[in-house]
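Visitor: need the 3D shape of this:
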Amino acid sequence: MSDLPSSNASPRTERSSAFPLFALAVGAFGIGTTEFSPMGLLPVIAEGVHVSIPSAGMLVSAYAIGVMLGAPLMTLALSRWSRRTALIILMSIFTVGNLLSAMAPGYYTLLLARLVTSLNHGAFFGLGSLVAASVVPRHKQATAVATMFMGLTIANIGGVPAATWLGQTIGWRMSFAATAVLGVLAMSTLWLALPRGESGRRPDVRAELSVLTQPAVLVALLTTVLGSGAMFTLYTYIAPTLQSLTGAGPQFITAMLVLIGVGFSIGNAAGGKLADRSLAGSLIGFLSLVIVVMLAFPLLGQSHVGAAVSLLLWGAATFAVVPPLQMGVMRAAERAPGLASSVNVGAFNLGNALGAAVGGATISAGLGYAAVPLAGAAIAIAGLLLVLVQASRRRRLAMA
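Guide: Predicted structure coming up:
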């Protein structure tokens, strides 16, 4: 699990990649549903476990921290298993975690259940990225990774709105229980689609961890944290923000979650295609769009039409950075791409925790929900500056 694939896939091999990529996307769909559905259910969950909305937002932070910690630990722990077996084990953790969330009697047990659920996340996308990249030629690897992540974006079109509707009409516990069923479906699909494969070898933990300390890898991971942090500053509190700015009801919020999911899917596809051409160029362009939309959202979000247009563009821009960020880390850490890829997913979720904390702090400080997207824009500006500095440095080195 420590070598970055450099497939020279034939047309026949490329055709045979469809089912494995579909299986990975099914797993990503389930993970996306459980990760993002609490955003639309924060008021309902907060009322159900008798805490404030900012406190309920810590469920997002707990999940994100669990992903960050679990990514390297689970990747290394499962390195001696075949990739198919490892991915199925990870989805079994996902299933158990969602069942525990559905049965949690109170706030702190729900926090613990979300932590258990999160342990599968980083390693699944990290190892899944390697599998996706191994079945296509190098010049299509970012697109293949984006295909797997498409399951995550489609979850925001179908899975998250469905889970939100279920949670609002029947109860948030049933939402988690239904999500657990997706885990069973994903395990079955992975078992059928992926080859048995060979067992891995015992990793050289010290050597692989040392790769993560390389400056290029650290900068790539920090860029991921900032890009994700900008996104989740607003996304974590999207339901109460829409309620405050637009006077939105449950139906409009559900519709906006679907629209955000459409934006995610558009951005994911565009980000994968453009990242195969230029990693830095795609990051600069889409981070700039994120900043513009978030700065304008307090004004545009005051009307239903303005909110809809803004959130579609915002969803596309925020998720378009995912494929180039993932491929950037994998290529910067070519001697340990599996671990780096998993840790990068952890970095996404560290950004999620950062964004949730910054958004919660903004609300708790009495600045109002209109200030939430502005705080997210500030984080995106920091990420853009980091990308620009790195791009300038690479140009100077190329000219030297």
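
Visitor: rest of the way, CA atoms for contacts and neighbours
Guide: Fine.

Visitor: pretty sure residue 25 contacts residue 154?
Guide: No: using C-alpha atoms under 8 Å as the test, residue 25 is too far from residue 154 to be in contact (9.1 Å).

Visitor: more neighbours: those two, which one.
Guide: Comparing residue 25 with residue 154 by other C-alpha atoms under 10 Å, the one with more neighbours is residue 25, at 29 against 25.

Visitor: secondary structure class for that one?
Guide: helix (DSSP: H, G, I helix; E, B strand; the rest coil).

Visitor: residues in contact with it?
Guide: Counting by C-alpha atoms under 8 Å, 6 or more residues apart in numbering, residue 25 makes contact with 147, 148, 149, 150, 151, 152.

Visitor: distance of it from residue 212?
Guide: 27 Å (C-alpha to C-alpha, to the nearest Å).

Visitor: any low-confidence regions in the stretch 1-150 of the chain?
Guide: 1-16 (pLDDT under 70).

Visitor: give me the neighbour count for residue 170.
Guide: Neighbours of residue 170 under the rule other C-alpha under 10 Å: 11.

Visitor: residues in contact with it?
Guide: By C-alpha under 8 Å, 6+ apart, residue 170 lies in contact with nothing.

Visitor: farthest pair within the contacts of residue 25?
Guide: Spatial extent of these (C-alpha to C-alpha) is set by the pair 147 and 152 at 9.4 Å.

Visitor: what about those two, which has more around it?
Guide: Neighbours per residue, other C-alpha under 10 Å: of residue 147 and residue 152, the larger number sits with residue 152, 28 against 25.

Visitor: surely that one touches residue 32?
Guide: Yes: applying C-alpha under 8 Å, one finds residue 152 in contact with residue 32, separated by 4.6 Å.

Visitor: list the buried residues for the helix or strand harbouring residue 44?
Guide: Using DSSP states H and E, residue 44 sits within helix 18-48. Across helix 18-48, burial judged by 16 or more other C-alpha atoms under 10 Å covers 20-46.

Visitor: which helices and strands does the helix or strand that that helix is followed by pack with?
Guide: Downstream of helix 18-48, the next assigned helix or strand under DSSP H and E is helix 53-77. Helices and strands touching helix 53-77, by 3 or more C-alpha pairs under 8 Å, 6 or more residues apart in numbering; DSSP states H and E, are helix 18-48, helix 107-118, helix 121-134, helix 337-364.

Visitor: show residues contacting stretch 138-151.
Guide: The contact list for stretch 138-151 (C-alpha under 8 Å, 6+ apart) reads 5-8, 21-22, 24-30, 32, 128-129, 132-134, 136, 265, 268-269, 271-273, 275-276, 323-324, 327.

Visitor: let me fix that, I meant to ask about stretch 26-33.
Guide: Residues from elsewhere that reach stretch 26-33 (C-alpha under 8 Å, 6+ apart): 91, 94, 121, 125, 148-156, 159-160, 163, 179, 182-183, 185-187, 189.

Visitor: any quick PyMOL command for the buried ones out of these?
Guide: A single PyMOL command is used to select the members of those judged buried by 16+ other C-alpha under 10 Å:
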select buried, resi 91+94+121+125+148+149+150+151+152+153+154+155+156+159+160+163+179+182+183+185+186+187+189
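
Visitor: and the contacts of stretch 26-33, which of them are in helices?
Guide: Within the contacts of stretch 26-33, residues falling in helices by DSSP state H are 91, 94, 121, 125, 148-154, 160, 163, 179, 182-183, 185-187, 189.

Visitor: quick check: phi and psi at residue 321.
Guide: Main-chain dihedrals, residue 321, degrees, to the nearest 10: phi -80, psi -10.

Visitor: I figured it hits residue 271, correct?
Guide: Yes: in this structure, residue 321 is within contact of residue 271 by C-alpha under 8 Å, at 6.1 Å.

Visitor: find residues that contact each of those two.
Guide: residue 282.

Visitor: quick one, helices of the stretch 201-350 of the chain?
Guide: 205-211, 215-235, 238-246, 250-275, 279-300, 304-320, 322-332, 337-364 (DSSP state H, counting those that start in this stretch).
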